[in-house]
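J.: give me a 3D structure for the following:
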Amino acid sequence: MMLWKEMPMEIGNGTTVQEFTLEGFPALQHLGKVLFLVHLLAYLASITGNAVIVTITCANSRLQTPMYFFLSTFSFFECCFISAVIPKLLVIFLLGRQTISFLACFIQAFVYVYLGATGFFLITVMSVDRYMAICQPLHYPTIMNLKTCFLLVTACCVLAFLLITGLIVKVSQLSFCGPNVIPHFFCDLGSLIHLSCSNTRFVEMLAFVIALFIILTSLIITIIAYSNIVVTIVRLPSAKERQKAFSTCSSHFIVLSLIYSSCVFIYVKPKQTNRLDSNREAALVHTVVTPLLNPVIYTLRNKQVHQALRETMCRMKISRQK
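T.: As a prediction, this is how the structure comes out:
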């Protein structure tokens, strides 16, 4: 594909920019090995937690419902999302290797933004699923069947691909003829745009509009869905029913708050140059902390997941004894 063809960028003395340098966290370079260990443990815990959700959803028939299908799909994308960034960050902390090739940088930027956008669309679908289950319980089994679930996930992936591919193509067509140090711990798209010596006004506005569309569309649909959910729950006659309905939505709502707050701070700003220094910490929360908390939040108060885990562990114990 022409998108990923490594394009030499001519600079003033005729040399070519073929790699970028990821600045990482220069103020904390003396703590490299400690930070490596901390982030490695967080990465492994996040991968393990999300992988457990995917595994028990596939292995346990009780969890093979639309809600857990979307949750396991979201967990799978979370594993891919953090794997696009954290391994390179670990290399920076442990070995100090901060360089990344031009091609690898744009691939990382594409994968990171694409998976992030897909995650937002999946969150929206999960909100709609909860709305259908609580507000339209009679129609829910017929509407949210397996075919519909697959179509919705496919639509999320395709829509994110179309939006992000166009943006990445535009950024890859910019000229890079100055400094090649990215003030971030990964190839952040905003930082790449800032390094270009081309007129970036159109690309900055395009990135802002796409980010605004993805985040606000997801947020508005989610707010509408949960507003109807709250109204429906409040009208339930039984306190036990209200508590059960709220418990199925509270975990999702907490995860939504974490993701939206960090992403609005990072991406929904029209001028990229004003946000480079403050984004690293927020991006670290969004990339490391949130995927780590997701499995904990979704499973901590979920009795069905607890039961499925116990059953899976019992089956594993029995199989070992045999």
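J.: contacts, neighbours, all on C-alpha from now
T.: Fine.
J.: mind listing the strands for the chain?
T.: Under the criterion DSSP state E, the chain contains strands at 9-10, 16-17, 19-22, 99-101, 181-182.
J.: show residues contacting stretch 195-205.
T.: 167, 170-171, 174-180, 182, 190, 193-194, 270-272 (Cα atoms under 8 Å, 6 or more residues apart in numbering).
J.: quickly note the distance from the residue lying closest to residue 19 once chain neighbours are set aside to residue 200.
T.: In space, and not counting its chain neighbours, residue 19 is closest to residue 101: 4.0 Å by Cα to Cα, 6 or more residues apart in numbering. Going from residue 101 to residue 200 by Cα to Cα, to the nearest Å gives 22 Å.
J.: compare those two (neighbour count), which wins?
T.: Regarding residue 101 and residue 200, a neighbour count based on other Cα atoms under 10 Å identifies residue 200 as having more, with 18 against 14.
J.: and the pLDDT for the more buried one?
T.: Per-residue confidence at residue 200 stands at 88 (pLDDT).
J.: any idea how far it lies from residue 172?
T.: In this view, residue 200 and residue 172 are 12 Å apart by Cα to Cα.
J.: same question, residue 145
T.: 40 Å.
J.: in terms of neighbours, single out the busier of these two.
T.: More crowded of residue 145 and residue 172, by other Cα under 10 Å: residue 172, with 20 against 12.
J.: ok so, going back, hmm, the residue nearest to residue 19 is touching residue 18, no?
T.: Yes: using Cα atoms under 8 Å, residue 101 is in contact with residue 18, at 6.0 Å.
J.: sitting in helices, which of the contacts of stretch 195-205 do you find?
T.: Among those, DSSP state H puts 167, 170, 171, 190, 193, 194 in helices.
J.: and the last one, how many neighbours?
T.: This points to residue 194. Neighbours of residue 194 (other Cα under 10 Å): 18.
J.: same check on the fifth one?
T.: Residue neighbour count, defined by other Cα under 10 Å, stands at 24 for residue 193.
J.: what does the second one give?
T.: Under the neighbour criterion other Cα under 10 Å, residue 170 is assigned a count of 17.
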